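need a 3D model of the sequence below.
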Amino acid sequence: MEALSENLFLNGEDSDEAYVPPEACKDWPIQDCHFSDWQKQYHGNWFLCYGRVMCGQGWPIAVQAMIFLLMLPTFMFYVLVILPYSEYLDVWKHTALTLVGSGSVLFFIVLIMLTDPGYLPSSDAPSYNVRYELSNGKTYCETCKIWKPARASHCVICNACVRNFDHHCPFVGNCIGERNYMYYVSLLWFVTLGSAYELTTIVFVLLEVAPMVSANRQRTLYVAFVLSIRNNPCLFFLALISGVFLFTYGHHFFMHLYLIVNNQTYKEYIRRNDLDFDAKRYDRGCYVNVYERVCLPVHQSHILVSQSNHNR
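Numbers count the residues shown, from 1 in each chain. Got it, this is the predicted structure:
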């Protein structure tokens, strides 16, 4: 019965290819390619250090996002909050915290940008007219002409298949896949932590300034706090930015914690309501799921540096 249902997906009427049982496709290998061949096919990727470092295709946008969404707000926080209100804050301690936090965020952004997410080079593998998922999870990509492994998916922006494809993130200029997923989760954690730190520091300063505003008048702390915001619009603006960052990246961080616990990718999560898709198919329990997503080693990159390894 299963073989009969599988054969219903075959379209051999207008094809000269001889039908091959699906088992012959299960072990079809993913071919490695040299980084120079990859660059010829995908012009958006930049390779540095003779192919040892790869920049994502959207790296110009990532650099702009890094400047305007990370460096500029951090610089404004340091200049407008830490330095002017040194009587309330330990400047050296908060300088160290700011440098460690922003340095950690910058470190993981660069790692995500320069890490192959798990690209699968295109090939000329035949489809044998098989249009269904094999028992080992492999499916055929009509664009890349490969038998992609389970949980791999084609990114329309990068125009390439990616192992354990999660999503394409324009703010880091790269796909988020098997080989850089934990870097992405770490980035979300440090941005959330840094936003919470900046927001609480600004609120602390506003509360410390509030009694001075109403020193000679009978006002409640709430009214004094509102007046301190009115008299310090720059602090309120920075607090608003930090709050938006805290809500946005905090939501994404806890969302991905949920996905890790349930052993799902984001693409699998958004397909959870599809009738022909089981989003819980890889769920093996909380502890096993976390172990598989966090602790298991990732596959080696299929984009090779050495031409000799490619020829072997």
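
which parts of the longest helix anywhere in the chain are buried?
Longest helix in the chain, counting residues (DSSP state H): helix 181-213. Residues 181-199, 201-203, 205-206, 209-210, 213 are the ones in helix 181-213 that count as buried (16 or more other CB atoms under 10 Å). The way it works is simple: take the backbone N, C-alpha and C, and place the C-beta from them, glycine included.

mind giving me the packing neighbours of it?
helix 72-77, helix 91-113, helix 221-231, helix 233-261 (3 or more CB pairs under 8 Å, 6 or more residues apart in numbering; DSSP states H and E).

any idea how far residue 87 lies from residue 38?
56 Å (CB to CB, to the nearest Å).

and for residue 80?
45 Å.

which of those two has more neighbours?
residue 38 (21 against 17; other CB atoms under 10 Å).

thinking that one is in contact with residue 45, fair?
Yes. Between residue 38 and residue 45 there is a contact at 6.6 Å, judged by CB atoms under 8 Å.

who touches both of those two?
When CB atoms under 8 Å, 6 or more residues apart in numbering defines a contact, no residue borders residue 38 and residue 45 alike.

what about the chain, any weak spots by pLDDT?
1-24, 43, 211-219, 307-312 (pLDDT under 70).

in TSV: the helices and strands packed on helix 181-213, plus mean neighbour count.
What follows is the helices and strands packed on helix 181-213, written out as TSV (neighbours: other CB atoms under 10 Å):
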stretch	mean neighbour count
helix 72-77	17
helix 91-113	17
helix 221-231	15
helix 233-261	16
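
so for residue 33, which of those sits nearest?
Nearest of the helices and strands packed on helix 181-213 to residue 33, taken as CB to CB: helix 91-113 at 20.9 Å.

and the next helix or strand past that closest one?
Remark: after helix 91-113, the chain's next helix or strand is strand 119-120, criterion DSSP states H and E.

show me what that next one is packed against.
Packed against strand 119-120 by the contact rule (3+ CB pairs under 8 Å, 6+ apart) you find strand 160-162.

tell me which other helices or strands the very next helix or strand once past the strand it packs on touches.
Next helix or strand after strand 160-162 toward the C-terminus (DSSP H and E): strand 167-169. Judged by 3+ CB pairs under 8 Å, 6+ apart, strand 167-169 is in contact with strand 174-176.

which elements pack onto the strand it packs on?
On a contact count with 3+ CB pairs under 8 Å, 6+ apart, strand 174-176 meets helix 91-113, strand 167-169.

just put those in JSON lines and tack on distance to residue 34.
Below are the helices and strands packed on strand 174-176 laid out as JSON lines (distance: least, CB to CB, whole Å):
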{"stretch": "helix 91-113", "distance to residue 34": "21"}
{"stretch": "strand 167-169", "distance to residue 34": "24"}
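
show me the one of the ones you listed that comes nearest residue 65.
Short answer: helix 91-113, nearest of those by CB to CB, at 8.5 Å.

can you list contacts of that closest one?
With CB under 8 Å, 6+ apart, helix 91-113 has contacts from 55-56, 59, 62, 66, 70-71, 74, 77-78, 82-83, 169, 172-174, 176, 180, 183-184, 186-187, 190-191, 193-194, 197, 201.

could you rerun that using 7 Å?
Residues from elsewhere that reach helix 91-113 (CB atoms under 7 Å, 6 or more residues apart in numbering): 55-56, 59, 62, 66, 70, 74, 78, 82-83, 172-174, 180, 183-184, 186-187, 190-191, 193-194, 197.

one more: stretch 148-162?
42, 57, 117-120, 136-139, 141, 143-144, 146, 163-165, 168, 175, 177, 265, 267.

now stretch 161-174, how far from the chain's geometric center?
Taking CA atoms, centre = their mean, to the nearest Å, one finds stretch 161-174 lying 6 Å from the centre of the chain it belongs to.

can you pull the buried residues of it?
161-169, 171-174.

and if you look at stretch 293-312?
Those buried within stretch 293-312 under the rule 16+ other CB under 10 Å are 293, 298, 301, 302, 303, 304, 305, 310.

how about the nearest residue to the fourth one, chain neighbours excluded?
For residue 302, ignoring the flanking residues on the chain, the nearest one in space by CB to CB, 6 or more residues apart in numbering is residue 32 at 4.9 Å.

these two touch, right, that neighbour and residue 304?
Yes. Counting by CB atoms under 7 Å, residue 32 touches residue 304, with 5.2 Å between them.

re the thing from before, got CSV for the buried residues of stretch 293-312, with secondary structure and distance to residue 227 too?
What follows is the buried residues of stretch 293-312, written out as CSV (DSSP: H, G, I helix; E, B strand; the rest coil; distance: CB to CB, whole Å):
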residue, secondary structure, distance to residue 227
293, helix, 49
298, coil, 54
301, coil, 58
302, coil, 61
303, strand, 59
304, strand, 64
305, coil, 62
310, helix, 68
